[in-house]
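Novice: Sequence first, predicted coordinates after that:
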Amino acid sequence: MPPLTPKDYMIVAALAVGVILFMVFISPRLIHGMATKMSHDPEADQLSIFDRISLYIASVTMCLIAVIVAIMFFEIVSRYLFQRPTLWVNELSLWLGGMVYLFGGLYAMQQRCHIRITVVYDAVPRAVQRLFDIISTLCVVAFAGAVVYGYWGQAMKRFMRWEGMGTEWNPPIPATMGPLVLIVTALIALQAVNNLFADWHKDKILHDPTDEI
Amino acid sequence: MDIGTLSLLLLVGILLLLAIGVPLGLASGFLGAVVVYMKFGERGFYILGQRMYDLTTEYVLISVPLFIFMAALLERSGIAKDMYDGLNIWLSRTRGGIAIVTAVMAIVMAAMSGIIGGEVVLLGLIALPQMLRLKYDQNLAIGTICASGSLGTMIPPSIVLIIYGLVTETSIHALFKAAIMPGLILGGLYILYIIVRTRLNPLLAPLPEQNEEVTLMDKLRALPKLLPPVALVVIVLGSIYGGITGITEAAGMGVVGVLLMIVLRREFSWNLFIEALQRTFRSSGTILWVTFGATALAGAYSIAGGPSYVAGLIVGADLPPMGIILMMMALFLIMGAFMDWVGIVLLAMPVFLPIVKQLGYDPVWFGILFCVNMQVSFLSPPFGPAAFYLKSVAPPHISLTDIFKSFLPFIGIQLFVLVLMLMFPMLTHVFL
């Protein structure tokens, strides 16, 4: 395996700087329009602060999918055209991919499109639906609580030691993804509570299975 | 609490929570927390986060959003429409030609991407109006679109097989190789069915009026329209089977290929790109969070000793090995009528697969059987997703009951292939 060249470091650093610049300077300007576009909701003005946070994060993290494609293409080209495989593409896509899976769940929660069975739910009156919503939210909160409680120690340990992958490039994936699992799970629980309140006074809507997937 | 009571509690719990509409992934995560708490107390909660973390570092999982992205881009481009037009010139003078074109197109598209939904919608938009205009039998038209449109998860690359491989630690490469033959048999039988039905009863598929002769020149001129899809299949499947890249990188190259074609065709716009990203992000989130929740539950149930308990029960029931497999198939079909495939893979496989291995069967073969089962589940009432996808784009006079009725012969074909696979496991070894 060839050692990591300064050029590789520069490319990774440039990517990181690009994402940070995008988050700090460009995306806030898009945020209102983005929130409306991302939420698919004509009444985007009524979005709560939690909705806005979720949508904002989603608008940034969804671009990571495109970044993964771009760096993979770079890897293939440099491997087959220039016989110079990179050391960082695999691990960077692993890292970005992890963020995509996790935050995708937060977006799905905001969009209320997590896979669920709605036969009974659609058949009962709105008052019973509210009861179901409460139980559902309690489940989510309890699950998030258990995950955070149980994994907190391990995640903190990895974060404090800044644990890397132990490879040539050694990205701090274990150090960052552990805490991120906890953060996203907690955010999903918050979003679920927010949904409970936001949907409380909404009228009954029938679910169309085509919404899912 | 002993594992028997715990298993019963889990079964009742999952049925109850799913019935009242708790999201599948989060319901399983919650039950995972309950199981470890009952068995080990608070210190058991550790396993939930650990399993979720492990999943985030799974390299092949990246191929899931990438394949979805590829499909989302394809749907929004005119590549598929062009392929349809091209095939039409070749086949429209044949009896049942448009139905055959639909099936062929579905098979080619299935070899490019690994999901269903988009494909059914696309075929419903392109092929259904034309078949109805030519007074094709409505049932034949709808059935062809939905059954062949579902092949996306049967013919490799397939997201069902990727997740199955991950959960059961089976080689996804081997699964992809094994799925080719069954997938092609299924697609081939659909085409055969169309040909036989329309020959026996020509009224089912009237020929278009002979206004102008299609010359050989026209046919040759239509060929370039077929090139882009074929090129994409070569990029994706070629790099997987040719061993040039792994599955994940092949998915990435597929995305690059589609993007390139969209740009060359001057169809690219940022709006299209952002919309495709959004759809991809949302679909990945929903699929992967079922995976997260279920992996937490599976982890919890495993350390509590659940799988070996259930395995003991089933093996102890003194059924012949094939009887056990048949029972599992029946369970898949029943679950498939009510649940999404992701949920079934993640909830049932950790329990079923150790039994399958213990009985001495090949996990690859079992994965293919499961995949055929899921083909049935896409069509089976009351929740066959293919029906709802088609309903969303079909003319309003076509009711859901009409749609499900038209599926019956195709479900018959799928069950026939299932039996075929059960009887001749060697069909999965053709390319090994």
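Specialist: Cool, the structure landed.
Novice: can we go C-alpha only for contacts and neighbour counts from here?
Specialist: Will do.
Novice: what sits up against the helix or strand A:A16 falls within?
Specialist: Assigned by DSSP states H and E, A:A16 falls within helix A:6-21. The contact list for helix A:6-21 (C-alpha atoms under 8 Å, 6 or more residues apart in numbering or on different chains) reads A:86-88.
Novice: That one: which residues count as buried?
Specialist: Counting neighbours by 16 or more other C-alpha atoms under 10 Å in any protein chain shown, one finds that the buried residues in helix A:6-21 are A:8, A:19.
Novice: now do stretch A:85-100
Specialist: Applying 16+ other C-alpha under 10 Å to stretch A:85-100 flags A:85-100 as buried.
Novice: Off-centre distance for that stretch?
Specialist: Taking C-alpha atoms, centre = their mean, to the nearest Å, one finds the center of stretch A:85-100 at 16 Å from the center of the full chain.
Novice: cool, and stretch A:145-155?
Specialist: Relative to its chain's centre, stretch A:145-155 lies at 19 Å (C-alpha atoms, centre = their mean).
Novice: So what's the model's average confidence on it?
Specialist: Averaged over stretch A:145-155, pLDDT sits at 88.
Novice: Are it and chain B in contact anywhere?
Specialist: Yes. For stretch A:145-155, a contact with chain B is found by C-alpha under 8 Å from any C-alpha of the partner chain, at A:146-151.
Novice: Just the CA atoms of that stretch, as CSV, please.
Specialist: The C-alpha trace of stretch A:145-155 is given here as CSV (Å, rounded to 0.1, in the frame of the first residue of the first chain):
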residue,chain,number,x,y,z
GLY,A,145,-33.3,6.8,26.3
ALA,A,146,-32.1,3.2,26.4
VAL,A,147,-29.6,3.7,23.6
VAL,A,148,-28.2,6.9,25.0
TYR,A,149,-28.0,5.5,28.6
GLY,A,150,-26.4,2.2,27.5
TYR,A,151,-23.9,3.4,25.0
TRP,A,152,-22.9,6.7,26.6
GLY,A,153,-19.8,5.4,28.4
GLN,A,154,-18.4,3.6,25.4
ALA,A,155,-19.1,6.4,23.0
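Novice: Looking at the residues of stretch A:145-155 next to chain B, which are in strands?
Specialist: With DSSP state E as the criterion, strands contain none of those.
Novice: Which parts of chain A are strands?
Specialist: Going by DSSP E, chain A shows no strands.
Novice: how about low-confidence regions in it?
Specialist: Along chain A, the parts satisfying pLDDT under 70 run over A:1-5, A:23-45, A:205-213.
Novice: just to revisit the earlier point, format the residues of stretch A:145-155 next to chain B as a markdown table; extra columns: neighbour count and distance to B:W90.
Specialist: Formatted as a markdown table, the residues of stretch A:145-155 next to chain B follow (neighbours: other C-alpha atoms under 10 Å in any protein chain shown; distance: C-alpha to C-alpha, whole Å):
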| residue | neighbour count | distance to B:W90 |
| --- | --- | --- |
| A:A146 | 26 | 60 |
| A:V147 | 26 | 58 |
| A:V148 | 22 | 60 |
| A:Y149 | 16 | 63 |
| A:G150 | 22 | 62 |
| A:Y151 | 23 | 60 |
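Novice: In helices only, show me the residues you listed.
Specialist: In this view, those that belong to helices under DSSP state H are A:146-151.
Novice: circling back to that earlier point, chain center to the helix holding A:A16, what's the gap?
Specialist: For helix A:6-21, the distance to the chain centre is 21 Å (C-alpha atoms, centre = their mean).
Novice: thinking again about what came up before, return the member of the ones in helices among the residues of stretch A:145-155 next to chain B nearest to chain B.
Specialist: The shortest approach to chain B among those belongs to A:G150, at 4.1 Å (C-alpha to the nearest C-alpha).
Novice: residues in contact with that closest one?
Specialist: B:42-49.
Novice: Could you save the contacts of helix A:6-21 as TSV and add columns showing distance to B:I162?
Specialist: Shown next, in TSV, are the contacts of helix A:6-21 (distance: C-alpha to C-alpha, whole Å):
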residue	distance to B:I162
A:T86	26
A:L87	25
A:W88	24
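Novice: which of the buried residues of stretch A:85-100 come close to chain B?
Specialist: Restricting the buried residues of stretch A:85-100 to those near chain B - C-alpha under 8 Å from any C-alpha - leaves A:93-95, A:97-100.
Novice: what about B:G312, how many residues close to it?
Specialist: 12 (other C-alpha atoms under 10 Å in any protein chain shown).
Novice: Against chain A, how distant is it?
Specialist: 30 Å (C-alpha to the nearest C-alpha, to the nearest Å).
Novice: State the helix or strand in which that residue lies.
Specialist: Counting by DSSP H and E, B:G312 is found in helix B:306-316.
Novice: Which SSE is immediately downstream of that helix?
Specialist: Next helix or strand after helix B:306-316 toward the C-terminus (DSSP H and E): helix B:321-338.
Novice: Now do that following helix: everything it contacts.
Specialist: Contact partners of helix B:321-338, identified using C-alpha under 8 Å, 6+ apart, comprise A:117, B:314, B:344, B:352, B:356, B:359, B:369-370, B:373-374, B:376-378, B:380-384.
Novice: residues touching the spatially most central residue of chain B, list them.
Specialist: Residue closest to the mean C-alpha point of chain B, counted by C-alpha atoms, centre = their mean, is B:T153 at 2.5 Å. Residues near B:T153 by C-alpha under 8 Å, 6+ apart: B:110, B:114-116, B:159-161, B:371, B:375.
Novice: Select from those residues every entry located in helices.
Specialist: Under the assignment DSSP H, the contacts of B:T153 contribute B:110, B:159-161, B:371, B:375 to helices.
Novice: For burial, what's the neighbour tally of B:L192?
Specialist: B:L192, neighbours per other C-alpha under 10 Å, totals 13.
Novice: What does the pLDDT read for it?
Specialist: If you check B:L192, the pLDDT there is 95.
Novice: re earlier: could you turn the buried ones of the contacts of A:G150 into a ChimeraX selection?
Specialist: Per 16+ other C-alpha under 10 Å, the buried members of the contacts of A:G150 correspond to this ChimeraX selection:
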select /B:44,45,46,47,48,49
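Novice: just the contacts of A:G150 that are near chain A?
Specialist: Counting by C-alpha under 8 Å from any C-alpha, B:42-49 from the contacts of A:G150 sit close to chain A.
Novice: Turn those residues into CSV, including secondary structure.
Specialist: Listed next are those as CSV, based on DSSP: H, G, I helix; E, B strand; the rest coil:
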residue, secondary structure
B:E42, helix
B:R43, helix
B:G44, helix
B:F45, helix
B:Y46, helix
B:I47, helix
B:L48, helix
B:G49, helix
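Novice: if we can go back for a sec, okay, the ones in helices among the contacts of B:T153 in TSV with distance to B:P206 and pLDDT next?
Specialist: Formatted as TSV, the ones in helices among the contacts of B:T153 follow (distance: C-alpha to C-alpha, whole Å; pLDDT from 0 to 100):
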residue	distance to B:P206	pLDDT
B:A110	28	88
B:I159	37	87
B:V160	37	90
B:L161	39	92
B:C371	35	93
B:Q375	29	93
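Novice: Adding neighbour count and distance to B:L175 as columns, could you present those in JSON lines?
Specialist: Formatted as JSON lines, these follow (neighbours: other C-alpha under 10 Å; distance: C-alpha to C-alpha, whole Å):
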{"residue": "B:A110", "neighbour count": "27", "distance to B:L175": "16"}
{"residue": "B:I159", "neighbour count": "23", "distance to B:L175": "11"}
{"residue": "B:V160", "neighbour count": "23", "distance to B:L175": "10"}
{"residue": "B:L161", "neighbour count": "28", "distance to B:L175": "7"}
{"residue": "B:C371", "neighbour count": "26", "distance to B:L175": "10"}
{"residue": "B:Q375", "neighbour count": "28", "distance to B:L175": "16"}
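Novice: quick check, nearest of the residues you listed to A:I49?
Specialist: Nearest to A:I49 among these is B:I159, at 35.0 Å by C-alpha to C-alpha.
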